[in-house]
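[1] What would the 3D arrangement of this be:
(2 chains)
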Number of protein chains: 2
Amino acid sequence: MPEPANQNNIGCLYLVPNTLGEENRLSQLPHVIPADTLKQITRLRNWIVEDAKTARALLNAINQIEPLGHPLQSMNMNEWRGPLSKNKSSLKPRELLAPLLQGEDMGLMSEAGLPGIADPGAEIVRMAHQLGARVKPLVGPSSILLGLIASGLNGQSFSFQGYLPLEPAERAKKIKQLEQRSKQNHETQLWIETPYRNTAMLDSCLSALSPQTQLCLAVDLSLESEWIWTAAISEWQKRFPNQSAMNEVFKNRPAIFLILA
Amino acid sequence: MPEPANQNNIGCLYLVPNTLGEENRLSQLPHVIPADTLKQITRLRNWIVEDAKTARALLNAINQIEPLGHPLQSMNMNEWRGPLSKNKSSLKPRELLAPLLQGEDMGLMSEAGLPGIADPGAEIVRMAHQLGARVKPLVGPSSILLGLIASGLNGQSFSFQGYLPLEPAERAKKIKQLEQRSKQNHETQLWIETPYRNTAMLDSCLSALSPQTQLCLAVDLSLESEWIWTAAISEWQKRFPNQSAMNEVFKNRPAIFLILA
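    Below is the predicted model of the structure:
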């Protein structure tokens, strides 16, 4: 049986937010990460990150607002890209968390947004609980949550599905299944897509969904270029009659898709 | 057909975060709301809020960090508690949003956390989209998201269910249904409970769920007294063998429940 959480001789695992885009990271920070959280981040020396390069970029940007307590070169930073990663040399969760057992605090960070949500990290958090460590989630931007509140769709009941199938016929079938589930349970359905496939996904939605189903697309959330619109499929079809109209607004920009039938 | 979002002659609806608890609101703020978001909040004069008293308490606390641009007494503040509210005198969403059409920005705020997620507000956001207004979600604390990342359960696929039925037999049936759904779709199931019913809910979980199902309880999220633990039901049963053991940790404290079967 695990020991009670928050033992004095075990460190704390901080779940550290990242910005949602790489552009102008420094100017984004005061909009998306609370001031005391930035201070907390500067105190950490032991890191588990999805990608060391973007983690260092974030820490460098923070350093210009709140000086880091430890030079970047002196930090103990290891990568974790999930249990299915091709990186065979990666340490296992328990090995990565070794500093916790020596009483040192650690930070877990993904490439964008919050670790463990539509990103690797959950296995690390599970192991931290098993080790009896305190786990401290920090406030930051999440495209899923920002998209949900900005959609105006049902926030009392919703379901996030990650990525949908790639193959067009299977994708259309899945979209229709989600519409059915939304109708049955009055539940908002959310999913994400790789930016360069946005237009294809929107095209599939406009073909597969009923005219009265509500669709929200939230693009470039938390960035200057943020664009959010909720309307019935019939209105989407009028406003975006072809792929070139879609490409003008969505091409290659990170997006979250939400429907309510 | 609605006009394109972000028209120059229509105001912007800001979705404003609140703290997750009322205690020490002033000292919580720098941990949960980004500095530039606090500044943005001070610029707003037109408000739609779930509860005017808590909205004023938040604005008063912010005023001690960033001076408000408009005195509290001069603010235009109306309440919206959802379409099913007993407050018959409440204005309708379109009436509440009248300042937007005069080119004025507005703020939407709930009693705790983010508006429109497990709280009223979605109807207001939907109407703002219909009016062609820009909708701007601001970063802040959400017990659902903080609980999800801190649980270490599956963040690639999850579903939020709001409140479960009150009646014990129905509640147990619903808990078992959620366990089944979690198993079928490898989907984390999340729900909330009124603080004074936490112990009864945990008791139901320990009776209804399979010994190997993972349960996370996240209590007092973002507060000093935050408590989070994830373990198999069999481990919960050992650690909390009776209601008095549960009461010591959970009684009357806001909590989120998460399972993965």
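[2] Point me to the residue of the stretch 151-261 of chain A nearest chain B.
    residue A:152 (3.3 Å; Cβ to the nearest Cβ). All C-beta atoms are positioned from the backbone trio N, CA, C, and that covers glycine.
[3] Which pLDDT value belongs to that residue?
    We note a pLDDT of 96 for residue A:152 in this prediction.
[4] tell me the domain boundaries of chain A?
    A:12-137, A:143-260 (automatic domain parsing).
[5] hmm, back to that, so the residue of the stretch 151-261 of chain A closest to chain B makes contact with residue B:117?
    No. At 11.2 Å, residue A:152 does not count as touching residue B:117 under the criterion of Cβ atoms under 8 Å.
[6] Next up, the contacts around residue A:217.
    A:202, A:227, A:228, A:229, A:250, A:255, A:256, A:257, A:258 (Cβ atoms under 8 Å, 6 or more residues apart in numbering or on different chains).
[7] would you turn those residues into JSON lines with pLDDT?
    Listed next are the contacts of residue A:217 as JSON lines, based on pLDDT from 0 to 100:
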{"residue": "A:202", "pLDDT": "94"}
{"residue": "A:227", "pLDDT": "94"}
{"residue": "A:228", "pLDDT": "95"}
{"residue": "A:229", "pLDDT": "95"}
{"residue": "A:250", "pLDDT": "83"}
{"residue": "A:255", "pLDDT": "93"}
{"residue": "A:256", "pLDDT": "96"}
{"residue": "A:257", "pLDDT": "97"}
{"residue": "A:258", "pLDDT": "98"}
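[8] Out of these, list just those in strands.
    The strands, defined by DSSP state E, take in A:227, A:228, A:229, A:255, A:256, A:257, A:258 from the contacts of residue A:217.
[9] correct me, but the second one touches residue B:125?
    No. In this structure, residue A:228 is not within contact of residue B:125 by Cβ under 8 Å, at 9.6 Å.
[10] which residues do the two both contact?
    A:150, A:151, B:135.
[11] wait, doesn't the second one sit right on residue B:125?
    Right, the one you point to is residue A:151. Yes. At 7.1 Å, residue A:151 counts as touching residue B:125 under the criterion of Cβ under 8 Å.
[12] Could you name every residue contacting both of those two?
    Common neighbours of residue A:151 and residue B:125 (Cβ under 8 Å, 6+ apart) are residue A:230.
[13] Compare the two (neighbour count), which wins?
    Neighbour totals were compared for residue A:151 and residue B:125, and residue A:151 leads with 32 against 28 (other Cβ atoms under 10 Å in any protein chain shown).
[14] Need the shared contacts of residue A:228 and residue B:125 in TSV (columns: secondary structure and distance to residue A:219).
    TSV is the format used below for those (DSSP: H, G, I helix; E, B strand; the rest coil; distance: Cβ to Cβ, whole Å):
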residue	secondary structure	distance to residue A:219
A:150	helix	11
A:151	helix	12
B:135	strand	13
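[15] okay, the residues you listed in TSV with distance to residue B:50 next?
    Shown next, in TSV, are the shared contacts of residue A:228 and residue B:125 (distance: Cβ to Cβ, whole Å):
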residue	distance to residue B:50
A:150	18
A:151	19
B:135	17
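[16] now residue A:37: how far from residue B:34?
    Separation of residue A:37 from residue B:34 (Cβ to Cβ, to the nearest Å) stands at 8 Å.
[17] Neighbour count for the two, which is higher?
    Remark: of residue A:37 and residue B:34, residue B:34 carries more neighbours, 26 against 22, as counted by other Cβ under 10 Å.
[18] Per-residue pLDDT of the more buried one, please?
    The model's pLDDT for residue B:34 equals 97.
[19] Next one: it from residue B:168, what distance?
    For residue B:34 relative to residue B:168 (Cβ to Cβ), the value is 42 Å.
[20] Tell me where chain A has helices.
    A:25-32, A:35-42, A:52-63, A:93-96, A:98-101, A:122-130, A:143-151, A:168-185, A:198-208, A:233-239, A:243-250 (DSSP state H).
[21] Now do the same for the most centrally placed residue in chain A: its pLDDT.
    Among the residues of chain A, the one closest to the centroid is residue A:113, at 4.3 Å (Cα atoms, centre = their mean). Per-residue confidence (pLDDT) for residue A:113: 91.
[22] Next, the contact list for it, please.
    A:17, A:18, A:20, A:119, A:140, A:141, A:142, A:143.
[23] any idea how far it is from residue B:155?
    For residue A:113, the distance to residue B:155 - Cβ to Cβ - is 10 Å.
[24] Now the common contact residues for those two.
    Residues touching both residue A:113 and residue B:155 (Cβ under 8 Å, 6+ apart) are residue A:119.
[25] Please name the spatially closest residue to residue A:226 (chain neighbours excluded).
    residue A:220 (5.0 Å; Cβ to Cβ, 6 or more residues apart in numbering or on different chains).
[26] quick one: the one you found and residue A:227 touch, right?
    Yes. Residue A:220 is in contact with residue A:227 according to Cβ under 8 Å; the separation is 6.3 Å.
[27] anything in contact with each of those two?
    Contacts common to residue A:220 and residue A:227, judged by Cβ under 8 Å, 6+ apart, are residue A:253.
[28] rewinding a little: confidence-wise, which of the contacts of residue A:113 comes last?
    residue A:119 (78).
[29] my guess is it contacts residue B:149, does it?
    No. Between residue A:119 and residue B:149 there is no contact under Cβ under 8 Å: 9.5 Å.
[30] Apart from its neighbours in sequence, what residue is nearest residue A:83?
    Residue A:83's closest residue in space is residue A:123 (Cβ to Cβ, 6+ apart), at 5.8 Å.
[31] show me what contacts that neighbour?
    Residue A:123 neighbours (Cβ under 8 Å, 6+ apart): A:80, A:82, A:83, A:93, B:152.
[32] Can you tell me which of those residues is closest to residue A:198?
    Nearest to residue A:198 among those: residue A:82, at 23.7 Å, using Cβ to Cβ.
[33] Next one: the closest residue to residue A:45 other than its chain neighbours from residue B:181, what distance?
    Leaving aside its chain neighbours, residue A:45 sits nearest to residue A:70 (4.5 Å; criterion: Cβ to Cβ, 6+ apart). Residue A:70 sits 45 Å away from residue B:181, taking Cβ to Cβ as the criterion.
[34] Between residue A:119 and residue B:149, tell me which one has more neighbours.
    residue B:149 (28 against 21).
[35] ok, is the lowest-mean-pLDDT helix or strand in chain A in contact with chain B or not?
    Lowest by mean pLDDT, DSSP states H and E among the helices and strands of chain A is helix A:243-250, with a mean of 86. No. If you take Cβ under 8 Å from any Cβ of the partner chain as the test, helix A:243-250 misses chain B, and the best it gets is 9.5 Å.
[36] in that helix, what's buried?
    Neighbour counts over helix A:243-250 (16 or more other Cβ atoms under 10 Å in any protein chain shown) mark A:246, A:249, A:250 as buried.
[37] Can you tell me which of the residues you listed lies closest to residue A:196?
    residue A:250 (10.1 Å).
[38] tell me the contacts of that closest one?
    By Cβ under 8 Å, 6+ apart, the neighbours of residue A:250 are A:198, A:199, A:202, A:217, A:219.
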